[in-house]
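A.B. asks: Below: sequence and its predicted model.
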Amino acid sequence: MRRRSFLALAGMTAMTGATGLALGGCGGAQGNEGTVSLTTPLRIPPVLDPAPGKDGVKRFDLRLLQGRTELLPGKTARTWGINGPHLGPTLRARRGDRVAMTVTNTLDEASTLHWHGMRLPAAMDGGPHQMVEPGATWASEWTVDQPAATTWYHPHPHGQTGLHVYRGLAGLFLLDDTHDAGLPHTYGVDDIPSSSRTVSSGPTVNSTRTSAERSARSPTTS
Ligand SMILES: [Cu+2]
C-alpha cells in the first residue's frame, strides 16, 4: 500500500471513532448510503498528572513501546505508543510547576521526544540532536513558565518525524494557569481532546485539539 493512501486510512479511522461517540446512544444512523452502525467508541487518552514529589518536582515516566492496536473493528495493526500500544497519555501541568521527564526507548530504532509549544531551554527540548538510542533513557527537566496552552509532544528524529508520529508516537501536553475562563473543563466529558495526523507529499505533521475551553486559545504550530 502506498504511504499516502495508508495515511488517509488512518485519518478515516479517527473520524469513525469521533462519530461513534457523538451518536453512540442511537445505535445507528441514516446516511445517504443507508443505515450504518456506529459502535466504535471515541478513545480518550488517559491523563498523566503526577503529584509533585517531596522536592516539589512532578516526574513523568514515559516509555516508547511497540504494540498492536485495533484501529478498525476486528483488524489489528502494528503500532507504536507511549506507555501503551498507541499514542500517549495526556500530560498535565500548571504554570510554575517544575517538571522532570524520563524517556525510555524500548523500540528497535532511535527516536526522541520533543515538547512542542513548550517554552524551555534548548538542551531540554528533545530535538534531532538529542536522539534516544534503543534501550537508553533520556532525562529532561524545566520549570513551566508560560500561560495556559494546549501543546503536544512527539518524536523529532531528523527526517523521520512524520513516520514516527504516524506510527503512534504523539500525545497532548496541557498547561493550566490561574486564569479561569469559566468554560467547560472536565477532561473527556465536556473538554474533548481531538487530534489529527496528516502527511502530504513530505512529512508535514499537524496536531490540534479542540474543545469548548481550548478553542478560546491559540493552537501552537511547529
Ligand atoms: Cu513539533
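C.D. replies: Right, received. Where do you want to start?
A.B. asks: C-alpha only now, for contacts and for neighbours.
C.D. replies: Fine.
A.B. asks: And stretch 171-186, how far out from the chain middle?
C.D. replies: Relative to its parent chain, stretch 171-186 has a centroid offset of 16 Å by Cα atoms, centre = their mean, to the nearest Å.
A.B. asks: Could you see whether the ion lies near it?
C.D. replies: No - using Cα under 5 Å from the ion, stretch 171-186 stays clear of the ion, coming no nearer than 11.2 Å.
A.B. asks: list the buried ones in that stretch?
C.D. replies: For stretch 171-186, burial by neighbour count (16 or more other Cα atoms under 10 Å) applies to 171-176, 185.
A.B. asks: Out of those residues, list just those in strands.
C.D. replies: 171-176 (DSSP state E).
A.B. asks: Poorly predicted segments of this structure, please.
C.D. replies: The model of the chain has pLDDT under 70 over residues 1-33, 197-222.
A.B. asks: Now with 90, please.
C.D. replies: Along the chain, segments meeting pLDDT under 90 span 1-43, 71-74, 180-185, 192-222.
A.B. asks: May I ask you to name the longest strand in it?
C.D. replies: strand 57-72.
A.B. asks: Please point out which parts of it sit buried.
C.D. replies: Neighbour-count burial for strand 57-72, counted by 16+ other Cα under 10 Å, picks out 57-60, 62-66, 69, 71-72.
A.B. asks: before we move on, back to that, closest to residue 109 out of the buried residues of stretch 171-186?
C.D. replies: The nearest member of the buried residues of stretch 171-186 to residue 109, counting by Cα to Cα, is residue 171 at 19.5 Å.
A.B. asks: any idea what sits nearest the residue positioned nearest the centre of the chain, other than its immediate chain neighbours?
C.D. replies: For the chain, the residue nearest the mean C-alpha position is residue 171 (1.7 Å; Cα atoms, centre = their mean). With sequence-adjacent residues excluded and distances taken as Cα to Cα, 6 or more residues apart in numbering, residue 171 is closest to residue 88, at 4.6 Å.
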